[in-house]
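A.B. asks: Coordinates only, no sequence provided:
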């Protein structure tokens, strides 16, 4: 939601005349002339006030913010149809802000906040490769297609805020099912003029849902609206440029609900996957391949407790030549921070990402992939050591180790700033 309710600051038209009227001494010497001047002055002030009031009312009317409709609590299935969020077509940052100067100041404050002061996390304290990759790609001119950025499963909002700061000429939409988290995002980042925050989730169809578990950060009996990508973008004539999809295993459903958007806009997007959930991962990668997308593993753990959780960067295959000219993309390819994968034997994701974590493997000896001990950080570390496998940088190996490494180098960089 656009939270900037500021109107354009500055003097009203003609207000300078108040300081150039008849002087006090002249009024004192010629009472009749003074009365005439005073009456004219009063009329001028009244006219100016009226004009100012009109500008104020027009400004209030033009800055009114559309609000997403609330889902009815009478239906608990996905069959109920709700009105999709109205996502305006981005028309440039000047449509949303009071002034370039104030917008720049807000972006600077948010940038500082998400990198140094944010609780419960500083952006990059995990998923540092993802954050750095997306930040670099978004800063490169002509790489990301035209349109809106989407952060689905926004949680604390740091990712969406990051995009809004990096790309001030883009509109960023944050979605999260939790009403509490939505309000917190608005409270912390709501001043960003190109950031909109709405309650809701994504799915294959438009409807309503209840949270599956406590990780939704809301009452398990509460409902939240669900939108499809097509209902938000293709059906509204709004272009989707980039999407960060963190939708708790529903990525494939979300993509199937956005086929028209994918085909029309060819957005770049990320998805999450539990790699050794073999059937699901195979179906997801095959779907992406059939839709003309190449998939790259971002070579770091993106969740806990399973060390085979990964983010996937998905780019339209026809954009490969464009990405070949990207400094950010080439750097990550050269350092093995990303690499292309498929579900086939060639470039197999199952061999590239901790093959010991396959069900029944050395790192998952039981018969339950959901067992927290399956593909745990301890078992993976032991497997790497026992097989004399050269460890990658800590940021790529585990979850806790990556966060510890990030905090260490951040501390050292801050300390060096104080050296004379």
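C.D. replies: All right, it came through fine. Note that the coordinates shown come from a computational prediction; the quantities given were computed from them, not determined experimentally.
A.B. asks: need the strands for the chain, in chain order.
C.D. replies: 148-152, 172-176, 195-199, 201-202, 207-209, 224-227, 240-245, 268-274, 293-298, 309-316, 338-341 (DSSP state E).
A.B. asks: Show me which positions of the fifth one end up buried.
C.D. replies: This points to strand 207-209. Buried residues in strand 207-209, counted by 16 or more other CB atoms under 10 Å: 207-209. C-beta: built from backbone N, CA, C; applies to glycine.
A.B. asks: With pLDDT as added columns, please give those in JSON lines.
C.D. replies: Formatted as JSON lines, those follow (pLDDT from 0 to 100):
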{"residue": "207", "pLDDT": "95"}
{"residue": "208", "pLDDT": "95"}
{"residue": "209", "pLDDT": "92"}
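A.B. asks: Against residue 419, how distant is residue 383?
C.D. replies: Distance of residue 383 to residue 419, given as CB to CB, to the nearest Å: 41 Å.
A.B. asks: the more surrounded of those two?
C.D. replies: Ranked by neighbour count (other CB atoms under 10 Å), residue 383 and residue 419 place residue 383 first, with 19 against 5.
A.B. asks: what's the pLDDT at that one?
C.D. replies: The model reports residue 383 with a pLDDT of 94.
A.B. asks: correct me, but it touches residue 363?
C.D. replies: Yes - using CB atoms under 8 Å, residue 383 makes contact with residue 363 at a distance of 5.3 Å.
A.B. asks: Mutual contacts of these two, please.
C.D. replies: Among the neighbours of residue 383, those also in contact with residue 363 (CB atoms under 8 Å, 6 or more residues apart in numbering) are 354, 356.
A.B. asks: if we can go back for a sec, is it possible to export the strands of the chain to JSON lines including distance to residue 403?
C.D. replies: Below are those laid out as JSON lines (distance: least, CB to CB, whole Å):
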{"stretch": "strand 148-152", "distance to residue 403": "21"}
{"stretch": "strand 172-176", "distance to residue 403": "22"}
{"stretch": "strand 195-199", "distance to residue 403": "26"}
{"stretch": "strand 201-202", "distance to residue 403": "27"}
{"stretch": "strand 207-209", "distance to residue 403": "31"}
{"stretch": "strand 224-227", "distance to residue 403": "30"}
{"stretch": "strand 240-245", "distance to residue 403": "20"}
{"stretch": "strand 268-274", "distance to residue 403": "18"}
{"stretch": "strand 293-298", "distance to residue 403": "16"}
{"stretch": "strand 309-316", "distance to residue 403": "14"}
{"stretch": "strand 338-341", "distance to residue 403": "20"}
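A.B. asks: low-scoring pLDDT stretches of this protein, where are they?
C.D. replies: Residues of the chain meeting the criterion pLDDT under 70: 1-99, 118-121, 391, 395, 409, 420.
A.B. asks: tell me the centre residue of it?
C.D. replies: residue 160 (2.4 Å; CA atoms, centre = their mean).
A.B. asks: which ones are touching it?
C.D. replies: 149, 151, 154, 172-174, 185, 189, 195, 197, 244.
A.B. asks: Quick check: end-to-end length of stretch 145-164?
C.D. replies: End-to-end distance of stretch 145-164 (CA to CA, to the nearest Å): 16 Å.
A.B. asks: let me fix that: stretch 339-350
C.D. replies: 13 Å.
A.B. asks: now stretch 356-366
C.D. replies: Stretch 356-366 has an end-to-end distance of 12 Å (CA to CA).
A.B. asks: got the buried residues for it?
C.D. replies: Counting neighbours by 16+ other CB under 10 Å, one finds that the buried residues in stretch 356-366 are 356-359, 361-364.
A.B. asks: do stretch 130-143 as well
C.D. replies: Buried residues in stretch 130-143, counting neighbours by 16+ other CB under 10 Å, are found at 130-131, 133-138, 143.
A.B. asks: Distance from the chain centre to that stretch, please.
C.D. replies: Mean C-alpha position of stretch 130-143 versus that of the full chain (CA atoms, centre = their mean, to the nearest Å) differs by 13 Å.
A.B. asks: Likewise for stretch 403-420?
C.D. replies: 27 Å.
A.B. asks: what's next to it, contact-wise?
C.D. replies: 122, 124-126, 128, 393-395.
A.B. asks: how close does the nearest residue to residue 140 once chain neighbours are set aside get to residue 268?
C.D. replies: Spatially, and ignoring its direct neighbours in sequence, residue 140 is nearest to residue 326 (5.8 Å; CB to CB, 6 or more residues apart in numbering). The spacing between residue 326 and residue 268, counted by CB to CB, is 11 Å.
A.B. asks: OK, contacts around the nearest residue to residue 371 once chain neighbours are set aside?
C.D. replies: Ranked by CB to CB, 6+ apart and with sequence neighbours excluded, the top spatial neighbour of residue 371 is residue 364, at 7.6 Å. Residues counted as contacts of residue 364 (CB under 8 Å, 6+ apart) are 276, 356-358, 371, 374-375, 379.
A.B. asks: same thing with residue 315?
C.D. replies: Here residue 315 is in contact with 268, 293-294, 296, 323 (CB under 8 Å, 6+ apart).
A.B. asks: burial count for residue 173?
C.D. replies: Residue 173: 26 neighbours (other CB under 10 Å).
A.B. asks: Also residue 246?
C.D. replies: Residue 246 has 18 nearby residues by other CB under 10 Å.
A.B. asks: isn't it right up against residue 157?
C.D. replies: No - assessed by CB under 8 Å, residue 246 is found out of contact with residue 157, at 12.0 Å.
A.B. asks: Can you tell me how far residue 413 is from residue 115?
C.D. replies: 11 Å.
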